[in-house]
Structures are given as C-alpha cells and as structure tokens.
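Trainee: Mind folding the following:
(chains A, B, C and D)
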4 protein chains.
Amino acid sequence: MFTHEFKKRVRYAETDKMGYLYYGRYATLYEIGRVEWLRNIGISYRELEDVHGVILPVLSVESRFLKPAYYDEELTIISTVNEIPTKMIIFYHEILNGKEEKIHTGIVKLFFIDIKSNKRVSLPSLIKNAMESAK
Amino acid sequence: MFTHEFKKRVRYAETDKMGYLYYGRYATLYEIGRVEWLRNIGISYRELEDVHGVILPVLSVESRFLKPAYYDEELTIISTVNEIPTKMIIFYHEILNGKEEKIHTGIVKLFFIDIKSNKRVSLPSLIKNAMESAK
Amino acid sequence: MFTHEFKKRVRYAETDKMGYLYYGRYATLYEIGRVEWLRNIGISYRELEDVHGVILPVLSVESRFLKPAYYDEELTIISTVNEIPTKMIIFYHEILNGKEEKIHTGIVKLFFIDIKSNKRVSLPSLIKNAMESAK
Amino acid sequence: MFTHEFKKRVRYAETDKMGYLYYGRYATLYEIGRVEWLRNIGISYRELEDVHGVILPVLSVESRFLKPAYYDEELTIISTVNEIPTKMIIFYHEILNGKEEKIHTGIVKLFFIDIKSNKRVSLPSLIKNAMESAK
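Mentor: Take a look at the predicted model:
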C-alpha cells in the first residue's frame, strides 16, 4: 500500500572475509529504507526527533538471508507499510541485488517514545496525516 | 544444554545519537557469542574456514529488543545450542546489561557450506565430535 | 587536476553518542570518494581486483577534523589526485557539510599489490591510460 | 611515560573482502586504547562526559599501516601519553598482531569541550590529578 524504493551500493567497509555484505549490515539497510520511506511521504526523521520530540526505537527484527550481496552491487531496498499504524509501525523490507533478484527480507517493528516523558505514545499525528495524504 | 557466556563492553563507535548501542550492532554480539561458544568446545572458527573449508552463512535472525544498552556497559552474551545439529545450527542468545538484566534475545540459524563445491553440507564431524565430548 | 565530487548522507548507524558522525567513519567516506573518483574516469575498483588482480591497500592516512557532521546531513566528498602516480596514489579528500562548509580533510596514500605474486607493483596501465584520457 | 596495553580480537564484522581488518576500523582500536588508558589511571570516560560535562572530540589522526591484521588475531593496542597535557591530549598508539609484530601506528590529538558552554577548555583537573598520581 505504501511502498518506496531506494538504491544503496555495497561498500568495501561493509563486506567481510567471505566477500559478502556482512550479515549485520542489513539492519542499516532497513534504517535507510524506513528513513527514505518517511522522507518520501514528507517526513524528516531528524525533525521528528529534534522538533517533535519523538524517537522510534526498534522492538523486533526478523531477517531472512536468501542469497549473499557482493561488493559494489547496487542494491534496491523496497520498504512497505501495509496500514496506518496505531501503537507501533511495521516495515516490510525486500532487498534486491544488482540483477534484481530478491536476496533478503526483513520485518522491523518500531514503537513511539516521547522524549520528554520517556513514555510510549501512539502514532504521531504528523505521520498519520502524511500517510493519509499519501493514499 | 551447551551454554557459554562472554563479556563485551559497549564502545563509543557502537553507540548512536540516541545514546544507545545501535540496533544493528547486536548481530556482531551474536557473532562474538557463537565464535566464543565454538572456541569453548575447542573449535576455532577461523580454522573451520581456512583448514576445513567450511563456512557458516546465516539463514535467518530473530531479534527482540527489551531494553537499550548504553555506552561503556559491560554486556554478557549468553549463547546456547539446544541439541546436536544436523543440517543447520541454531544459536539462542541472551544479552544482559551491566546490571545483569536481560535486555535482548536473538535466535540465529546458520547452515554449512563446503567452500570447494560451494554446496550445502551436514554438520561437520569436527563440530559434532566436539559437542559430544563437551556433553 | 583530477577532481570528483560525490554526495553521502549521514545515517543513524554512523552517528555516536555525541550526535556526531563517529570519527572512525571518515575512512569510509574516503573509500567512497576514491572508488567513485575511479568510476568517474571509467574504472571499476571491483574489476580492478577481480579481473586485473590488483588490490590497493592503504599505506597511511592523515585526517583533520574541523567541524562535526550531524545526522541526516548530506555531505559532499571532494576527491582529488594531483598527478599521475608511479609507485603510490595519493588522494586528497575534502568533506563539506550540508551548508557547504569544509568540515574535514583527509589524505590517503595507497600502493598497488599484484594478487598472484603478492608483490608491490607500479601504477596499473589501466589507471594510467584512464587518467591520461581524462586530462 | 604513561603507557597501557589492551587486547582486542579481530571479529568477522571488522574484516573486509581482502580478508584484512578494514582500514577504517583502526580508529575504533585507538578509541578502545585511549578509554582503557584512562580507566587504567582511574578515570571513566563515561563519567567524564556524564558527571563532569566534558567531551573529548578528535582534532586529528595520523595512521601508518605497516602490515595487515587478520580475522581472529588477538591484537595488542599499546597506548602512550608522553606528558601531562595542557590544551590538548596526544595519544600514541602502536598495534601488534598475534605474533607480537608491530603492524600499525596511530597518533590521535583530542581537545576538551565543556558541554554546557560548548567551549574549549584546558585539561580537566580530574585527568591532571590522576596523571600526577600515576607518575
């Protein structure tokens, strides 16, 4: 329903001794995917934190590694949110390699914390309105 | 059944703007946990790759973030394998913070690849024998 | 003489507890700068390694930190090589922040190793020819 | 004059496609070296930031790469401060590989910032006193 694609090249710094993108680096791809997904509907994650005082800590991650990614490949991060969230937001990420093959999937659940009170809050209206406008 | 603990301090390099251990860094804790688990039963993962020609790529990861970890905390990585594996090995990791509170769990499934043939193989006898000796 | 610019956004993964781009991350910016500099004169660093059998290990780095870089800023990496190299290649990098202020300089010296012989070699003719064509 | 040694194993996450410790990872070794150097004279860098309100941003780094470091090697980070600092502190780091060979040197200059005023300050008396006691 709400999908955004973003390209990211695999850098030497991100490879490991096997010649693969290190398995721990996919979390950064999810981060890039969700931040660019937000930017695409008009929201700066930086402003969400600095101006609106809301942070989005991660609750859980589920990753499946289908094929390795290699040095210098330009990956496609496809990030999807299926519905307007209430108490948490779920991102579904698919990673394609340079040949457009699906090599990885990741599901990331995040919740909303008000920085001042350090308490959990519901979906900020900023995101809600942006998602409704983007429909 | 087969459990090993290892300590790891949170470094500045691993923190993020929130002041937390970055969520993508836990995969490295799992890596440290499983390599030290192997070393504890007498297996060098480096030798497994370089001498025995077997690599262990990751198939899937499931992570749950219960509480944040902070800069300079000495974390405890508790790594467990419940049974002698056949086609894949499953590591259960629990991370404790400096106050011995459980802050994170991770389940990592890995399989065995013979480097020469680039094919999937069963549990190397090297690991099997070491696990049986360690019982 | 040979200059190339490349944009790179600061990701959460790259920030630290101070809210800055972690000081150890600049080396990755140099890597991106030099690889894109090479691509700009028609050379794929991946092919240099995989097809031509030459790697470029780093000999030395000199870094000066003038101002911090912040989360989500789009940095400009300006990479320059002043002359056609012989035994080593020297990259001069300047990093600009989102306001186009110079915040960092880095000088990286690399040499050329033939993978087969594991010996130092002179500038590969592939790079030499590409630089002469780019003049 | 003031020297401290600390051991650090090279992890898979830190290797690159060449099979080496990635050249950008040495900055983290310097960080570990200087924080453990401080701890050794009785100072917690975390407390310096959180309790005393002083941060130590990096001004410059000079690195020389003599030999590569490999996966699973236990490196020794030798960190030295030659004199009691005034306006900045200079750390000299030597890295030894698993065979006790010197493979790397790094010189890191840091200054002192008071978090409240965001201004440069002189050496905090906390560090000065600790260094004088350690003589």
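Trainee: Please save the CA atoms from the longest helix along chain A in PDB.
Mentor: The residue-count maximum for a helix in chain A (DSSP state H) belongs to helix A:26-40. Backbone C-alpha positions of helix A:26-40 (Å, rounded to 0.1, in the frame of the first residue of the first chain) are rendered in PDB as follows:
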ATOM      1  CA  TYR A  26      21.300  -5.400   6.700                       C
ATOM      2  CA  ALA A  27      19.900  -3.500   9.800                       C
ATOM      3  CA  THR A  28      21.400  -0.400   8.300                       C
ATOM      4  CA  LEU A  29      19.700  -1.100   5.000                       C
ATOM      5  CA  TYR A  30      16.400  -1.300   6.900                       C
ATOM      6  CA  GLU A  31      17.200   2.000   8.600                       C
ATOM      7  CA  ILE A  32      17.900   3.700   5.300                       C
ATOM      8  CA  GLY A  33      14.800   2.100   3.800                       C
ATOM      9  CA  ARG A  34      12.500   3.400   6.600                       C
ATOM     10  CA  VAL A  35      14.000   6.900   6.800                       C
ATOM     11  CA  GLU A  36      13.700   7.300   3.000                       C
ATOM     12  CA  TRP A  37      10.200   5.900   3.100                       C
ATOM     13  CA  LEU A  38       9.300   8.600   5.700                       C
ATOM     14  CA  ARG A  39      11.100  11.300   3.600                       C
ATOM     15  CA  ASN A  40       9.000  10.200   0.600                       C
END
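Trainee: Any buried residues in it, and which?
Mentor: A:26-38, A:40 (16 or more other CB atoms under 10 Å in any protein chain shown). Every residue, glycine included, has its C-beta placed from N, CA and C.
Trainee: what about it, average pLDDT?
Mentor: If you average the pLDDT over helix A:26-40, you get 98.
Trainee: and if you look at stretch A:89-96?
Mentor: 98.
Trainee: related to what we said a few turns ago, which parts of the helix or strand that the longest helix of chain A is followed by are buried?
Mentor: Per DSSP states H and E, the first helix or strand lying C-terminal to helix A:26-40 is helix A:45-50. Residues of helix A:45-50 classed as buried by neighbour count (16+ other CB under 10 Å): A:45-46, A:48-49.
Trainee: Helix A:45-50 - what's its average pLDDT?
Mentor: Helix A:45-50 shows a mean pLDDT of 96.
Trainee: near chain C at all, the next helix-or-strand element following it?
Mentor: Counting by DSSP H and E, the next helix or strand C-terminal to helix A:45-50 is strand A:54-55. No. Residues of strand A:54-55 are not located near chain C by CB under 8 Å from any CB of the partner chain, the shortest gap being 10.4 Å.
Trainee: who does strand A:54-55 touch, helix- and strand-wise?
Mentor: Applying 3 or more CB pairs under 8 Å, 6 or more residues apart in numbering or on different chains; DSSP states H and E, one finds that strand A:54-55 contacts helix A:45-50, strand A:102-114.
Trainee: Distance to chain C added to the ones you listed, as CSV?
Mentor: Shown next, in CSV, are the helices and strands packed on strand A:54-55 (distance: least, CB to the nearest CB, whole Å):
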stretch, distance to chain C
helix A:45-50, 4
strand A:102-114, 12
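Trainee: Looking at those, spot the one closest to D:Ile113.
Mentor: helix A:45-50 (20.3 Å; CB to CB).
Trainee: what residues does chain A put near chain C?
Mentor: Residues of chain A lying near chain C (CB under 8 Å from any CB): A:11-13, A:27-28, A:31-32, A:35, A:44-46, A:71-72.
Trainee: Figure out the helix or strand that A:Leu62 lives in.
Mentor: One correction, residue A:62 is Glu, not Leu. Assessed by DSSP H and E, A:Glu62 sits inside strand A:58-65.
Trainee: So which of the buried residues of helix A:26-40 is the closest to chain B?
Mentor: Within the buried residues of helix A:26-40, the smallest distance to chain B is 3.1 Å, found for A:Ala27 (CB to the nearest CB).
Trainee: just to revisit the earlier point, mind putting the helices and strands packed on strand A:54-55 in CSV, distance to B:Lys109 included?
Mentor: Output for these, formatted as CSV (distance: least, CB to CB, whole Å):
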stretch, distance to B:Lys109
helix A:45-50, 31
strand A:102-114, 14
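Trainee: List the contacts of A:Thr40.
Mentor: Residue A:40: Asn, not Thr. A:His4 (CB atoms under 8 Å, 6 or more residues apart in numbering or on different chains).
Trainee: From A:Ile89, how far out is the most centrally placed residue in chain A?
Mentor: Centroid-nearest residue in chain A: A:Arg34, 2.8 Å away (criterion: CA atoms, centre = their mean). The gap separating A:Arg34 from A:Ile89 is 8 Å, by CB to CB, to the nearest Å.
Trainee: any shared contact partners between these two?
Mentor: Contacts common to A:Arg34 and A:Ile89, judged by CB under 8 Å, 6+ apart, are A:Leu110.
Trainee: if we can go back for a sec, which stretch among the helices and strands packed on strand A:54-55 comes nearest B:Val121?
Mentor: Each of the helices and strands packed on strand A:54-55 was scored for nearness to B:Val121 using CB to CB, and the closest is strand A:102-114 (21.7 Å).
Trainee: Counting by contacts, list what that closest one packs against.
Mentor: Packing partners of strand A:102-114 (3+ CB pairs under 8 Å, 6+ apart): helix A:26-40, strand A:54-55, strand A:58-65, strand A:88-96, strand A:119-121.
Trainee: what's the burial count for the closest residue to A:Ala69 other than its chain neighbours?
Mentor: Excluding the flanking residues, the one nearest A:Ala69 by CB to CB, 6 or more residues apart in numbering or on different chains is A:Leu21, at 3.9 Å. By the criterion of other CB atoms under 10 Å in any protein chain shown, A:Leu21 has 27 neighbours.
Trainee: Tell me how far A:Leu21 lies from chain C.
Mentor: 13 Å (CB to the nearest CB, to the nearest Å).
Trainee: How much space separates that residue from A:Glu73?
Mentor: A:Leu21 is 8 Å from A:Glu73, where distance means CB to CB.
Trainee: just the residues of chain A next to chain C that are near chain B?
Mentor: Restricting these to those near chain B by CB under 8 Å from any CB leaves A:27-28, A:31.
Trainee: Can I get the residues you listed in TSV including distance to B:Val108?
Mentor: What follows is these, written out as TSV (distance: CB to CB, whole Å):
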residue	distance to B:Val108
A:Ala27	13
A:Thr28	18
A:Glu31	20
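Trainee: Pick out whichever of the residues you listed sits closest to C:Ile84.
Mentor: A:Thr28 (36.4 Å).
Trainee: so what's that closest one up against?
Mentor: Per CB under 8 Å, 6+ apart, neighbours of A:Thr28: B:24, C:11, C:13.
Trainee: related to what we said a few turns ago, using CSV, lay out the helices and strands packed on strand A:102-114 together with distance to B:Leu126.
Mentor: Formatted as CSV, those follow (distance: least, CB to CB, whole Å):
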stretch, distance to B:Leu126
helix A:26-40, 29
strand A:54-55, 45
strand A:58-65, 24
strand A:88-96, 33
strand A:119-121, 47
